[in-house]
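Visitor: Give me a 3D structure for the following:
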Amino acid sequence: MGVTDPAGPVMDRDEVDRALARLGAEHEAIETSLLALQDHAGRRLLEGAELTGVTKERWASAEASITLLWAYFDAYSDALRSAREIRARRRWSSREDLVELTELLRGESVTLAGSTTAVANAPTLQGVSGRLSEQFSLSALVDRMNELYATSLDMVVAADAVWSALPARIDLLAAELQRTRKLAHSVGVRPGEHPAGDDLEHITRTLTSLREQVVSDPLAYWVPAQGSSAPGGGRPDLTVYDRQARALEDVRREIDAVLTVRQDAEQRLIRLRDVLSRADRTLAEARTARGEVLAKIAATEVPVVSGPPTALQEQLATAAEYRRHAQWHRLSPLLESLEQKAEDELLRARESLTAVTAPLAVRAELRGRLDAYKAKVARHGLAEDPFLIERYDAARRMLWSAPCDLRVAEQAVLRYQRAAAELLGAPRVPEQGGPEDRRGES
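Guide: I've put the predicted structure just below:
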């Protein structure tokens, strides 16, 4: 005879025993999960935290879900206990017992009269109505608890993951930031005086704000995994943290550069003073040489020699002042500029000395050429030739008299060379400097 009860056909004793065993195992698993959720570190932190933003909203919903979960679990436990009591009445359950067990185990036998707050704040799930009382079958109640548990655990695990990852990292970076700030201050890198000092202030403000936000609203820094339905699927968002870590590394490199300046500053200043001193001495030598050239060389354009550049000396004094006051961040670019300018100044001084002494170099070359030919003539036994002696003496008087006319002296040396070449049978020395002056040859 058929049964029209919504629970379906009446279960036999074996079906009842199997159903009770399955429901008992599910009861133990659910209880274990709920106790684990209750003891979860993330849940305890959420209960005690001053939350804001999306985390505050989702925790209010999750808290209501957890409250509802325990209410569902208690109802489930009561129904399971009732079913076990009915089955325990007799070793061989009567038909009336089996009908009652079938209704309890398969029908919508669980009526839940939840509080208005719990039901109103529970997350919107498929099949959840706004009624203050609902009827469930035991299997439907298990499904509902699984849904509530998954959403609650997802929220708790996500918040805990952010709290486990970010605050500790931020604190370590903040400690490194403080060490960097002290080092920066010791080398003169301060806010308003150096860009790196301003960067340190910005990093400090950003990290302070980031930590406050992470502590109060961890879910704002959670990136859910795409396509993942597992509770806690995702990762903490480290974008802001990583950006500040990179910025701090850049500042550290800048400070290392300043520290290098501090270590080498004295030696670099000594080298700078030496280079500028050599430039000054070279210019002084050029000025002395110019006076000598003007006195000894006639009809020659001698370039004017400028004095030492006072601007470089002033900048060198400024660099020394920066070093005395440990203003390394200012000293670094000034030293680089000064070193290049000092080398340029030394090169300019050397070029000026070369330009000024060029007439003396020409005179020295002519004297050397004259004496070389005289030695050559002597090796060939012509040193006593009156004509050569006359030519030699004429050239020598011009080269060793002051002021010396280099153009006329060169012509005299050329005449001596040609005369010597003719007597030695060598090729005639080519004409240079215009028509040959044959005066005094008679």
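
Visitor: so where is this protein shaky, pLDDT-wise?
Guide: Where the chain drops to pLDDT under 70, the residues are 1-8, 93, 113-132, 227-230, 299-300, 426-442.

Visitor: where does the most centrally placed residue in it land in three-state SS?
Guide: Nearest to the geometric centre of the chain sits Asp250, at 3.4 Å (Cα atoms, centre = their mean). With DSSP: H, G, I helix; E, B strand; the rest coil as the basis, the three-state label of Asp250 is helix.

Visitor: Would you mind measuring from it to Arg43?
Guide: Distance of Asp250 to Arg43, given as Cβ to Cβ, to the nearest Å: 40 Å. C-betas here are computed from N, CA, C, even on glycine.

Visitor: the strands in the stretch 251-400 of the chain, which residues?
Guide: Using DSSP state E, counting those that start in this stretch, the strands of the stretch 251-400 of the chain run over 297-298.

Visitor: show me where it has helices.
Guide: Secondary structure of the stretch 251-400 of the chain (DSSP state H, counting those that start in this stretch): helices at 310-324, 328-379, 386-399.

Visitor: now the angle between helix 310-324 and the second one, please.
Guide: I take that to be helix 328-379. 130 degrees (axes from the mean of the first three to the mean of the last three Cα atoms, to 10 degrees).

Visitor: Count the neighbours of Glu85 for me.
Guide: A count of nearby residues for Glu85, using other Cβ atoms under 10 Å, gives 9.

Visitor: Return the residues in contact with it.
Guide: Contacts for Glu85 were tallied using Cβ atoms under 8 Å, 6 or more residues apart in numbering; there are none.

Visitor: That one belongs to a helix?
Guide: Yes: assessed by three-state DSSP, Glu85 belongs to a helix.

Visitor: Roughly how far does it sit from Leu138?
Guide: The value you get for Glu85 to Leu138, if Cβ to Cβ is used, is 15 Å.

Visitor: what do you get for Val223?
Guide: 38 Å.

Visitor: go on, Ala41?
Guide: Taking Cβ to Cβ, one finds Ala41 at 32 Å from Leu138.

Visitor: the more surrounded of those two?
Guide: Taking neighbours as other Cβ under 10 Å, Ala41 and Leu138 compare with Leu138 leading, 24 against 11.

Visitor: Who are the contact partners of the more buried one?
Guide: Contacts of Leu138 (Cβ under 8 Å, 6+ apart): Leu23, Tyr76, Ala79, Leu80, Leu104, Leu105, Arg106, Ser109, Val110.

Visitor: Pull the contacting residues for the closest residue to the second one other than its chain neighbours.
Guide: Counting by Cβ to Cβ, 6 or more residues apart in numbering, Leu141 is the residue found nearest to Tyr76 once chain neighbours are left out, at 5.3 Å. Residues near Leu141 by Cβ under 8 Å, 6+ apart: Tyr72, Ala75, Tyr76, Val110.

Visitor: coming back round to it: which ones among the contacts of Leu138 lie within strands?
Guide: Among those, the members found in strands (DSSP state E) are Val110.

Visitor: Filter the contacts of Leu138 down to the buried ones.
Guide: Leu23, Tyr76, Ala79, Leu80, Leu104, Leu105, Arg106, Ser109, Val110 (16 or more other Cβ atoms under 10 Å).

Visitor: Identify the residues contacting the residue nearest to Ser33 when sequence neighbours are not counted.
Guide: For Ser33, ignoring the flanking residues on the chain, the nearest one in space by Cβ to Cβ, 6+ apart is Tyr149 at 6.0 Å. Tyr149 is in contact with Ile30, Ser33, Leu34, Leu37, Leu69, counting by Cβ under 8 Å, 6+ apart.

Visitor: One more pass at 7 Å, please.
Guide: Residues in contact with Tyr149 (Cβ atoms under 7 Å, 6 or more residues apart in numbering) are Ser33, Leu37, Leu69.

Visitor: for Thr318, same thing?
Guide: Leu334.

Visitor: next one: Arg190
Guide: Arg190 sits in contact with Gly197, where contact means Cβ under 7 Å, 6+ apart.

Visitor: cool, Ala286 as well?
Guide: Contacts of Ala286 by Cβ under 7 Å, 6+ apart are Val305, Ala349, Ser352, Leu353, Val356.

Visitor: Surely Gly234 is in contact with Leu219?
Guide: No: distance between Gly234 and Leu219: 10.0 Å, which falls outside the contact criterion (Cβ atoms under 7 Å).

Visitor: what's the spacing between Ser77 and Glu31?
Guide: Applying Cβ to Cβ to Ser77 and Glu31 gives a distance of 8 Å.

Visitor: Count the residues that sit near Asp242.
Guide: Neighbour tally, Asp242, other Cβ under 10 Å: 11.

Visitor: Domain ranges for the protein, per the record?
Guide: 13-158, 161-223+232-260, 267-356, 360-424 (automatic domain parsing).

Visitor: ok, Ala420 touching Leu388?
Guide: Yes: here Ala420 reaches Leu388: they are 6.1 Å apart, a contact under Cβ under 7 Å.

Visitor: Now the common contact residues for those two.
Guide: The contact lists of Ala420 and Leu388 share Val377, where a contact means Cβ under 7 Å, 6+ apart.

Visitor: For Phe387, give me its contacts.
Guide: Ala419 are the contacts of Phe387 under Cβ under 7 Å, 6+ apart.

Visitor: one more time with 10 Å, if that's ok
Guide: Tyr416, Ala419, Ala420, Glu422, Leu423, Glu441 (Cβ atoms under 10 Å, 6 or more residues apart in numbering).

Visitor: And Arg350, by the same measure?
Guide: Counting by Cβ under 10 Å, 6+ apart, Arg350 has contacts Arg278, Ala279, Thr282, Leu283, Glu285, Ala286.

Visitor: And it, how far from Glu301?
Guide: 20 Å.

Visitor: likewise Thr239?
Guide: 71 Å.

Visitor: Of those two, which one has the most company?
Guide: Set side by side, Thr239 and Glu301 show more neighbours around Thr239, with 10 against 5, by other Cβ under 10 Å.

Visitor: show me the contacts for that one.
Guide: Per Cβ under 10 Å, 6+ apart, neighbours of Thr239: Tyr221, Val223.

Visitor: Which of the contacts of Phe387 fall in helices?
Guide: Tyr416, Ala419, Ala420, Glu422, Leu423 (DSSP state H).

Visitor: neighbours around the closest residue to the residue nearest to the centre of the chain other than its chain neighbours, how many?
Guide: Distance criterion Cβ to Cβ, 6+ apart; nearest residue to Asp250, sequence neighbours excluded, is Asp199 at 7.3 Å. Other residues near Asp199 number 18, with proximity taken as other Cβ under 10 Å.
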